[in-house]
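Asks: 3D, please:
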Amino acid sequence: MSERDYLDISGKIGPLYERQGGPEWPMYSYDRPAYMLWNAIATELHSKGWTDEEIKDWLQSKYPRWALDGDLGESIESLGQKFASRMSEGDKTNL
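Replies: Numbering: from 1, shown residues only. This is a model prediction of the structure:
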């Protein structure tokens with residue numbers, strides 16, 4: 001995808017029940033993907049022997065940001081594109 005084709009809706013979306021005005025495009029389950037991602041990472045690290053303190057330290061460090069700027073972010077974007085591609089082949093009337 002070229003940068004010209006990229007649609008950034010970051011300033012429009014947010015939690016459905018946000019207070020004080022809320023987002024232009026409120027969403028159900030807005031926060032859920034983040035919780036799913038970080039829980040999956042923490043679960044895997046724990047299964048590899050990391051302690052809760054080590055997991056916390058990693059999550060609170062700059063490493064998650066660097067991962068999101070790199071291959072983790074690319075993987076998430078690719079997953080979203082694949083899902084949307086399959087979804088776009090379906091019937092929009094079910095929205």
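Asks: What are the buried residues along the lengthiest helix in the chain?
Replies: Longest helix of the chain, by residue count under DSSP state H: helix 71-88. Buried residues in helix 71-88, defined by neighbour count with 16 or more other CB atoms under 10 Å: L72. For glycine as for every other residue, the C-beta is placed from the backbone atoms N, C-alpha and C.
Asks: What is it packed up against?
Replies: helix 63-69 (3 or more CB pairs under 8 Å, 6 or more residues apart in numbering; DSSP states H and E).
Asks: Output the contacting helices and strands for the helix it packs on.
Replies: Helix 63-69 is packed against helix 71-88, with contacts defined by 3+ CB pairs under 8 Å, 6+ apart.
Asks: how about the CA coordinates for the helix it packs on, as PDB?
Replies: The C-alpha trace of helix 71-88 is given here as PDB (Å, rounded to 0.1, in the frame of the first residue of the first chain):
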ATOM      1  CA  ASP A  71       7.800  -5.700  12.800                       C
ATOM      2  CA  LEU A  72       5.100  -5.900  15.400                       C
ATOM      3  CA  GLY A  73       3.300  -2.800  14.000                       C
ATOM      4  CA  GLU A  74       3.800  -4.200  10.400                       C
ATOM      5  CA  SER A  75       2.300  -7.500  11.500                       C
ATOM      6  CA  ILE A  76      -0.700  -5.800  13.100                       C
ATOM      7  CA  GLU A  77      -1.300  -3.700  10.000                       C
ATOM      8  CA  SER A  78      -1.000  -6.700   7.700                       C
ATOM      9  CA  LEU A  79      -3.500  -8.700   9.800                       C
ATOM     10  CA  GLY A  80      -6.000  -5.800   9.700                       C
ATOM     11  CA  GLN A  81      -5.600  -5.500   5.900                       C
ATOM     12  CA  LYS A  82      -6.100  -9.200   5.400                       C
ATOM     13  CA  PHE A  83      -9.200  -9.200   7.600                       C
ATOM     14  CA  ALA A  84     -10.600  -6.100   5.800                       C
ATOM     15  CA  SER A  85      -9.900  -7.600   2.400                       C
ATOM     16  CA  ARG A  86     -11.900 -10.800   3.300                       C
ATOM     17  CA  MET A  87     -14.600  -8.600   4.800                       C
ATOM     18  CA  SER A  88     -14.900  -6.400   1.700                       C
END
